[in-house]
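[1] Need coordinates for the following:
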Amino acid sequence: MRSRAAFAPPYGKGMPALDPAVAEARLAVRTALSGVEATSVVVALSGGPDSLALAAATAFEAPKLGIDATAVIVDHALQPGSDAAASRAADQARALGLAARIVRVEVTAAGDGPEGAARSARYRALTGAAADLGAAAVLLGHTLDDQAETVLLGLARGAGATSLAGMAAVRRDEASGVLLVRPLLAVRRATTLTACAAAGLEPWHDPQNADPAFARVRVRELVLPVLERELGPGVAEALARTADQLREDTAAFDEMIDETIEDIVEHAEAGISVSVGALAANPPALRHRIIRHVVASEFGQSLTRTQTLEVARLVTDWAGQGPLDLPGCRARRVGARIEFTAAGPPS
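    Next up is the predicted model:
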């Protein structure tokens with residue numbers, strides 16, 4: 001395992017040229033860090049090739065920008081030997097010149113399944129460590145391939161434009177206020193593997209990343225290769241471009257909702273109400289987004305497409321139908337308003 005000098009540019013005659021994969025990773029990190037107002041950042045490090053390439057590039061670029069960087073390794077304790085893998089990743093970070101911290105978390109069962117529970121625990125640990133260290137941002141190692149897989153999974157689940165928009169390059173975590181930054185979102189996974197190899201870094205390969213029991217693994221190992229073979233190269237890039245375009249659309253809709261929402265909603269007993277006339281006056285796409293926004297912001301719940309359309313029928317196809325039971329709330333039409341109230345305790 002080489003020191004952080006492995007990612008330093010060579011000097012002098014006869015020295016080999018900097019590997020293009022290393023250069024691409026460094027440029028991506030430099031660009032991301034230059035766009036973040038921070039004197040300290042956290043690098044999420046699992047020891048895998050993506051996060052290891054990210055850590056190495058950050059170790060080289062951050063000092064040049066006057067930014068302190070600390071690698072945070074989250075041990076989920078879900079696999080035998082996870083503590084040893086975490087310790088090895090911390091040693092690699094220190095060899096690269098980064099400070100390192102291991103955070104062990106307890107993953108409890110949750111409604112979004114074991115993967116979702118582990119992800120939630122990991123993000124809480126990372127943002128918590130960032131707050132403790134005074135870091136303004138957490139750097140995450142998601143690549144273009146991860147983005148393409150996210151879009152395909154969202155498409156298969158019929159999750160709507162918000163899900164198909166994938167992961168944002170920069171997003172503020174609402175709970176902590178910490179920025180979540182993904183410098184490698186336009187970099188291919190093959191590039192991170194090559195960057196690690198070029199620098200003499202040996203990444204850890206999580207066995208779960210090859211387990212076909214997980215839908216994401218099946219997309220990675222089976223679905224995307226078939227699409228590339230049958231439709232030609234460039235499918236992953238096209239999916240990532242689709243995510244970019246949908247995020248732009250989502251941002252525009254969100255801005256329109258923010259401008260509209262205060263004028264059409266009123267507080268109601270144990271909930272909130274929305275003007276029927278205002279909803280009816282908007283095109284369906286905006287009407288549906290307003291409905292979902294109201295439920296998400298007031299009750300912290302997400303509506304499916306079917307549930308959203310049923311609420312919309314209270315506006316556009318009112319025939320005296322009764323109240324709708326939704327996640328965490330109930331919707332009903334009361335005169336010229338749609339009233340959303342908190343769901344009562346189960347009988």
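[2] pLDDT weak spots in the stretch 101-250 of the chain?
    Scanning the stretch 101-250 of the chain for pLDDT under 70 picks out 109-112, 159-160.
[3] So which residues of it form helices?
    113-133, 144-157, 161-164, 189-198, 215-218, 224-231, 235-264 (DSSP state H, counting those that start in this stretch).
[4] Now do residue 251 against residue 298, distance only.
    From residue 251 across to residue 298, the span is 22 Å (C-beta to C-beta, to the nearest Å). C-beta: built from backbone N, CA, C; applies to glycine.
[5] what helices or strands is the longest strand anywhere in the chain leaning on?
    The single longest strand within the chain, with elements called by DSSP state E, is strand 68-75. Secondary-structure packing of strand 68-75 (3 or more C-beta pairs under 8 Å, 6 or more residues apart in numbering; DSSP states H and E): strand 40-44, helix 49-61, helix 82-96, strand 99-104, helix 113-133.
[6] How is this protein divided into domains?
    4-242, 269-342 (automatic domain parsing).
[7] Could you provide the helices and strands packed on strand 68-75 in TSV, with additional columns for distance to residue 28?
    Converted to TSV, the helices and strands packed on strand 68-75 look like this (distance: least, C-beta to C-beta, whole Å):
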stretch	distance to residue 28
strand 40-44	13
helix 49-61	7
helix 82-96	17
strand 99-104	22
helix 113-133	19
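[8] circling back to that earlier point, could you check which of residue 251 and residue 298 has the larger neighbour count?
    For residue 251 versus residue 298, the count of surrounding residues by other C-beta atoms under 10 Å is larger for residue 298: 17 against 12.
[9] tell me which element the more buried one falls in.
    According to DSSP states H and E, residue 298 maps onto helix 284-299.
[10] Show me what that helix is in contact with.
    253, 256-257, 260-261, 264-265, 271-272, 274, 279-280, 282, 301-303, 308-309, 311-312, 315, 326-329, 340, 342 (C-beta atoms under 8 Å, 6 or more residues apart in numbering).
[11] And for stretch 188-197?
    By C-beta under 8 Å, 6+ apart, stretch 188-197 touches 19, 21-22, 24-25, 49-50, 52-54, 56-57, 141, 143-146, 184, 202-203, 236.
[12] what about dumping the CA coordinates of that stretch to CSV?
    Written as CSV, here are the backbone C-alpha positions of stretch 188-197 (Å, rounded to 0.1, in the frame of the first residue of the first chain):
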residue,chain,number,x,y,z
ARG,A,188,-17.4,5.5,-14.0
ARG,A,189,-16.8,2.7,-11.5
ALA,A,190,-14.1,1.2,-13.8
THR,A,191,-12.2,4.5,-13.4
THR,A,192,-12.1,4.2,-9.6
LEU,A,193,-10.9,0.6,-9.9
THR,A,194,-8.1,1.7,-12.3
ALA,A,195,-7.2,4.7,-10.1
CYS,A,196,-6.7,2.4,-7.1
ALA,A,197,-4.6,0.0,-9.1
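[13] How far does that stretch sit from its chain's centre?
    The chain centroid and the centroid of stretch 188-197 are separated by 21 Å under C-alpha atoms, centre = their mean, to the nearest Å.
[14] Let's check: the centremost residue of the protein is which one?
    residue 167 (4.4 Å; C-alpha atoms, centre = their mean).
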